[in-house]
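> just need the structure, nothing else, for what follows:
(one chain, ligands or ions: 1)
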Amino acid sequence: MSGPFHINTPLVESVGMSRRLGTTVYLKMESSQPSGSFKIRGIGHLCQQMEMQSKGIVCSSGGNAGMAAAHVARKMGLPATIVVPSSSPPLVVQKLQDQGATVKITGEILYLQVWDEANTEALRLTETEGLTYVPPFDHPLLWEGHSTVITEIAASMGQKQKPGAVVVSVGGGGLLCGVAQGLRGVGWEDVPIVTMETVGADCFNAAVKAGTIVTLEAITSEAKCLGAKTVCRKAFQYSQSTEQAIISELVTDQQALHAVETFLDEERVLVELACGAALAAVYSGVIQRLQDEGRLPRPLGYLVVIVCGGSSINREQLANLQKKIPRPT
Ligand code: PLV
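Residues are numbered from 1 along each chain as shown. As a prediction, this is how the structure comes out:
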């Protein structure tokens, strides 16, 4: 199969979110992608454009980039090795194996290892095994692939119907770069982007606050798929540009979890905590606060939330998170 590997996902109105916000909210359902998240847009595009070594590919991932890489490799008839940190739940390892990938788990001794260490191992394997390296978020071809999420929205709504703002989760910043590029591509560069991270997986917010790229000491959030310690340079550059407003916001794991639960109840779709961070922009009143502060207009026009999805969740994993993350008292 020569691709594209992603599908044109539904853009659906959320009545519950619209009611809360007092403005129409559209959900771009990347959770419906064949690999379970938006990652397949960029990774599919990158794998098609790059010359692939027949020995196969290697991808370091918090989980979802790996799912996309494994899916694409299987369709292209290439072997895939996915390196995941030991913080990834067993269900991710199983799903990757189901896609036919070889899974390497880094940091089995140091439990708290995160994506950055998995990446070091993936880079080592490109040298020693001659595999093609597929990065999870830091590559122009990934951003170009991710930008189709905006092209599709413009095609559905009509170019004249600009959104008032777009909400995205940020891990290493690849989705953000794709969304920023896509907005420019359709002439919507004046549409503000609200970026959402959880406290403890907040490398973009830390960079915006510091005015320079910073490396977090550790990832303390349970939203492991947002757990890159350093944001990619391009995402930081977008945050410094005066052309497009990027508003960086944080929520707690508790708020992200509450968002996952509310979304499941109201929209009947189960997503990862990483995605819950974006949903919490509405469910925890972040957008409403930004409007109160005059940082977003009121009325807003319509709001788009990119429902980035994620495979690292099932009923058992949700129950684990509910145990681990304390409830508000
Ligand atoms: N996850 C990456 C990076 O992890 C991965 O390897 O899967 N929403 C979901 C469901 C994600 O899986 C990710 C990234 C993001 C949002 C954030 O996207 P990014 O990294 O492009 O900002 C460490």
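> so which bits of the chain are right by the ligand?
By the criterion of Cβ under 6 Å from any ligand atom, the positions of the chain lying close to the ligand are 37, 39, 61-65, 115, 136-137, 169-176, 225-228, 272, 274-275, 308-310. (C-beta placed from N, C-alpha, C; glycine too.)
> 5 Å instead?
Residues of the chain lying near the ligand by Cβ under 5 Å from any ligand atom: 37, 61-65, 115, 136-137, 169-175, 225, 228, 272, 274, 308, 310.
> drop anything exposed from these.
Buried residues within the residues of the chain next to the ligand, counting neighbours by 16 or more other Cβ atoms under 10 Å: 37, 61-65, 115, 136-137, 169-175, 225, 228, 272, 274, 308, 310.
> from those, which land in helices?
64-65, 115, 174-175, 274 (DSSP state H).
> what stretches of the protein score poorly on pLDDT?
Along the chain, the model assigns pLDDT under 70 to residues 1-3, 53, 107-113, 329.
> return the residues in contact with the closest residue to Cys232 other than its chain neighbours.
Spatially, and ignoring its direct neighbours in sequence, Cys232 is nearest to Asp138 (4.0 Å; Cβ to Cβ, 6 or more residues apart in numbering). Listed by Cβ atoms under 8 Å, 6 or more residues apart in numbering, the contact set of Asp138 reads 172-174, 232-234.
> same thing but 10 Å
119, 172-174, 177, 228, 230-235 (Cβ atoms under 10 Å, 6 or more residues apart in numbering).
> show me which residues of the helix or strand containing Tyr133 are buried.
Under the criterion DSSP states H and E, the helix or strand holding Tyr133 is strand 132-134. Residues of strand 132-134 classed as buried by neighbour count (16+ other Cβ under 10 Å): 132-134.
> indicate each strand paired with that strand and its parallel or antiparallel sense.
Take DSSP bridges as the rule and strand 132-134 pairs in its sheet with strand 57-60 (parallel).
> and Thr151, that's in a strand?
No: note on Thr151: no strand contains this position according to DSSP: H, G, I helix; E, B strand; the rest coil, which reports helix.
> next, count neighbours for the spatially closest residue to it that is not a sequence neighbour.
In this structure, Thr151 finds its nearest non-sequential neighbour in Gly182, 5.9 Å apart by Cβ to Cβ, 6+ apart. Gly182 has 22 neighbours, counted by other Cβ atoms under 10 Å.
> do I have it right that Thr230 meets Ala201?
No: using Cβ atoms under 10 Å, Thr230 and Ala201 do not qualify as a contacting pair, with a distance of 11.9 Å.
> who has more neighbours out of the two?
Neighbour totals were compared for Thr230 and Ala201, and Ala201 leads with 32 against 18 (other Cβ under 10 Å).
> for the ligand, state which of the buried residues of strand 132-134 is nearest.
The ligand lies nearest to Val134 out of the buried residues of strand 132-134, by Cβ to the nearest ligand atom, at 10.2 Å.
> give me the beta-bridge partners of the closest residue to the closest one other than its chain neighbours?
The spatial neighbour of Val134 that comes closest, neighbours along the chain excluded (Cβ to Cβ, 6+ apart), is Cys59 at 4.1 Å. Here Cys59 sits in beta bridges with Ile82, Val134, going by DSSP bridges.
> which ones are touching Cys59?
Taking Cβ under 10 Å, 6+ apart, one finds 39, 43, 47, 65-70, 72-73, 80-84, 96, 101, 118-119, 122, 131-136 in contact with Cys59.
> helices of the stretch 51-200 of the chain, residue ranges please.
Taking DSSP state H, counting those that start in this stretch as the criterion, the stretch 51-200 of the chain contains helices spanning 64-76, 90-98, 115-129, 140-146, 148-157, 174-185.
> most packed of the ones you listed?
Compared across those, helix 64-76 shows the largest average neighbour count, a mean of 27 (mean count of other Cβ atoms under 10 Å).
> quick one: it to helix 90-98, angle?
For helix 64-76 against helix 90-98, the angle by axes from the mean of the first three to the mean of the last three Cα atoms, to 10 degrees is 20 degrees.
> was I right to think the residue nearest to Thr151 contacts Glu144?
Yes: with contacts counted by Cβ under 10 Å, Gly182 reaches Glu144, the gap being 9.1 Å.
> so Ala122 touches Val103, yeah?
No: judged on Cβ under 10 Å, Ala122 makes no contact with Val103 at a distance of 11.9 Å.
> identify the contacts common to those two.
Where contact means Cβ under 10 Å, 6+ apart, the residues bridging Ala122 and Val103 through contact with each are 66, 81-84.
> in TSV, list the helices of the stretch 51-200 of the chain along with distance to Ser31.
Shown next, in TSV, are the helices of the stretch 51-200 of the chain (distance: least, Cβ to Cβ, whole Å):
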stretch	distance to Ser31
helix 64-76	11
helix 90-98	14
helix 115-129	21
helix 140-146	15
helix 148-157	12
helix 174-185	13
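> okay, strands next: where are they in the chain?
In the chain, strands defined by DSSP state E lie at 11-13, 25-29, 57-60, 80-85, 102-106, 132-134, 165-169, 193-198, 246-251, 303-307, listed in chain order.
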